[in-house]
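>>> any chance you could fold what I've pasted below:
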Amino acid sequence: MEELVTMKGPVVKVDGELMLVIPLAKGGSELMECARGISEVDGEFLKIAIPESIAEVLKVGEGDQVCVHNSGGRFHIQAVQMELVN
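Residues are numbered from 1 along each chain as shown. As a prediction, the model looks like this:
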């Protein structure tokens with residue numbers, strides 16, 4: 001049974017493309033298998049491009065926080081709702 005990996009991080013823009021850049025040493029290596037076909041390893045990072053159509057559905061852009069996990073052996077991404085502080 002695979003270990004569940006869950007992490008939060010920002011969406012970044014690299015060469016005009018929205019993506020996640022996850023250090024392999026901080027969980028990226030555990031996400032590689034479920035992100036096969038939508039990711040690439042670049043040095044010490046797992047890079048996962050977020051197509052504009054997916055970013056629109058998730059309502060995320062550069063700098064927004066997302067949560068990713070590998071439950072069920074599949075790669076999942078969702079927007080992290082920011083809490084309002086008074």
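>>> please make it C-alpha for all contacts and neighbour counts, starting now.
OK.
>>> start to end distance for stretch 35-49?
In stretch 35-49, first residue to last residue: 10 Å (CA to CA, to the nearest Å).
>>> quick check: buried residues in that stretch?
Residues 35, 39, 41, 45-49 are the ones in stretch 35-49 that count as buried (16 or more other CA atoms under 10 Å).
>>> tell me which of those residues fall in strands.
Of the buried residues of stretch 35-49, the ones assigned to strands by DSSP state E are 39, 41, 45-49.
>>> a markdown table for the buried residues of stretch 35-49, including distance to V80 and pLDDT?
Formatted as a markdown table, these follow (distance: CA to CA, whole Å; pLDDT from 0 to 100):
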| residue | distance to V80 | pLDDT |
| --- | --- | --- |
| A35 | 20 | 94 |
| S39 | 21 | 95 |
| V41 | 25 | 96 |
| F45 | 22 | 96 |
| L46 | 20 | 96 |
| K47 | 19 | 96 |
| I48 | 17 | 96 |
| A49 | 18 | 95 |
